[in-house]
Every structure is written in structure tokens, then in C-alpha cells.
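> The following comprises the amino acid sequence and a computationally predicted model.
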Amino acid sequence: DQVRAVHAALQDRYKITIMLGAGLGMRQGEAFGLAVDDIDFLGHVVHVVRQVKLLRTRLCFGPPKGGNSRDVPLPESVALALAQHIQQYPPTPIALPWQSRAGELVTAKLVVYSAGKTAVRRTAFNRWAWQSALRQAGIAQTSREDGFHALRHFYASTLLDAGESIVALAEYLGHSDPGFTLRTYTHLMPSSQQRTRQAVDGVLGSASPDGIQTA
């Protein structure tokens, strides 16, 4: 309900960032760095290969956190939202230095950009777009966990609730160590005891007096 409320309150040009965070588990900088060429609609996958970083006061491109690119499954709902966004806000080529203020200029046709057709500066987005949407949605931001990063937690909890493995979740989130993913999200995993009961009941059942179903 909170995700939907923030999505409804966010400016139209930035609504797609909700889908990128909640539907693909992307970090904020990765969402700002997504290029149209990174989206494989036919293969149902998004290639996360860059982020927009803020070095002091200068924006630059860089690899995702940890230095590794990754592929994330593209759900139909997110694909549809991306297609609609791209039609309304055609991707625009934006050049930024790579990794440092003096780095080589790299151009990418970004999916998310400002009204002035520049890369999105996270400080401005958080202050003027995100916090405003939170207020309209009736959500009080008390910590970083209430920021854009909360959408990654939503993504993780959705996948774990559906039975996805920690190893797969770690890959989609861009964690090099599945153990870190497990430690971070273990509280969201279904009860081990409940899974055990369901697993045994699913095989043995309780249809016959002795508790074992006959073939």
C-alpha cells in the first residue's frame, strides 16, 4: 500500500523509478543510470551495468556498487511500465565522465532524466521529489530505510515470500556474498518450522487414518 501511495504521489517523469526499485531491486543510482539499450524486452531481462554517482558536486557514471554488472529478470508489469514511460519520455543521450571528475566522457540514452534533460542528481531528487511524495502519501521519513532503498527491501521480501532462493536473490540484488543477503533478509524468510510442516504434510498428507495417503 505504501509503495502504491508513493508511486501515485511522485511526479510523472519519476514514477518509473518506483518500478525499477520495487520491481527490479535496483539501487537509486542504478535507476538513474539505466539506458534504453540495457533493456532486453524480448529476452525479458534488464542489464544493470552503470549507475549515476555524485562526486562532491559533479555527476559521473560508474559501474554498479561492487564493480560488477548483473542481469535481472524483467517482469511483464515492469516491462509494460517501462514501455509506457519510454513513449512518454523518450530516452535522451547524456554524457558524463566515467568514474571520476576527469574521466573519459561516456554517453548513454538514459530512461530517467530531469526536466532539463540532465542526469538526475540524487540530492535534488530526494529533497524535492521523494520527500514530497512521502509527505503526500502520509509516510514520515525517519531514516535511510524510508528512502529509495526501502524499495529494494520490498523487492527482496516479495521474492522471498514467493519462495525464491537466497542465492538467486543475492544475484539479482548485486550482492557478491549470498551470506550477506541471508543475514540482511533472514527476518523476512518464512518460518523454517512452518516450511517443515508443510513439506511433510505435502508428501504424507492426512487423508487416511494412519496419516499416510495411499496411491
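Received the coordinates, thanks. Residues are numbered from 1 along each chain as shown.
> center of the protein - which residue?
The residue lying closest to the centre of the chain (CA atoms, centre = their mean) is G25, at 2.0 Å.
> pLDDT below threshold where in the protein?
Applying pLDDT under 70 to the chain picks out residues 141-142, 144-146, 189-192, 195, 206-215.
> cutoff 80 now
Residues of the chain meeting the criterion pLDDT under 80: 141-146, 186-201, 203, 205-215.
> Show me the helices in it, by range?
Applying DSSP state H to the chain gives helices spanning 2-9, 16-24, 28-32, 76-88, 122-124, 131-136, 150-161, 166-173, 178-185, 192-204.
> Dump those helices to JSON lines, plus mean neighbour count and distance to A95.
The C-beta positions use only the backbone N, C-alpha and C, and glycine is treated the same way. Shown next, in JSON lines, are those (neighbours: other CB atoms under 10 Å; distance: least, CB to CB, whole Å):
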{"stretch": "helix 2-9", "mean neighbour count": "16", "distance to A95": "30"}
{"stretch": "helix 16-24", "mean neighbour count": "24", "distance to A95": "21"}
{"stretch": "helix 28-32", "mean neighbour count": "25", "distance to A95": "15"}
{"stretch": "helix 76-88", "mean neighbour count": "14", "distance to A95": "20"}
{"stretch": "helix 122-124", "mean neighbour count": "14", "distance to A95": "19"}
{"stretch": "helix 131-136", "mean neighbour count": "16", "distance to A95": "29"}
{"stretch": "helix 150-161", "mean neighbour count": "18", "distance to A95": "28"}
{"stretch": "helix 166-173", "mean neighbour count": "18", "distance to A95": "29"}
{"stretch": "helix 178-185", "mean neighbour count": "16", "distance to A95": "34"}
{"stretch": "helix 192-204", "mean neighbour count": "10", "distance to A95": "50"}
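> Tabulate those helices (a markdown table), appending distance to I94.
Converted to a markdown table, the helices of the chain look like this (distance: least, CB to CB, whole Å):
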| stretch | distance to I94 |
| --- | --- |
| helix 2-9 | 24 |
| helix 16-24 | 16 |
| helix 28-32 | 10 |
| helix 76-88 | 15 |
| helix 122-124 | 15 |
| helix 131-136 | 24 |
| helix 150-161 | 23 |
| helix 166-173 | 26 |
| helix 178-185 | 32 |
| helix 192-204 | 47 |
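> nearest to P97, of those helices?
helix 28-32 (14.9 Å; CB to CB).
> contacts for the closest one?
Helix 28-32 has contacts (CB atoms under 8 Å, 6 or more residues apart in numbering) with 17, 20-21, 48, 50-53, 64-65, 110, 112, 119-120, 122, 125, 147-149.
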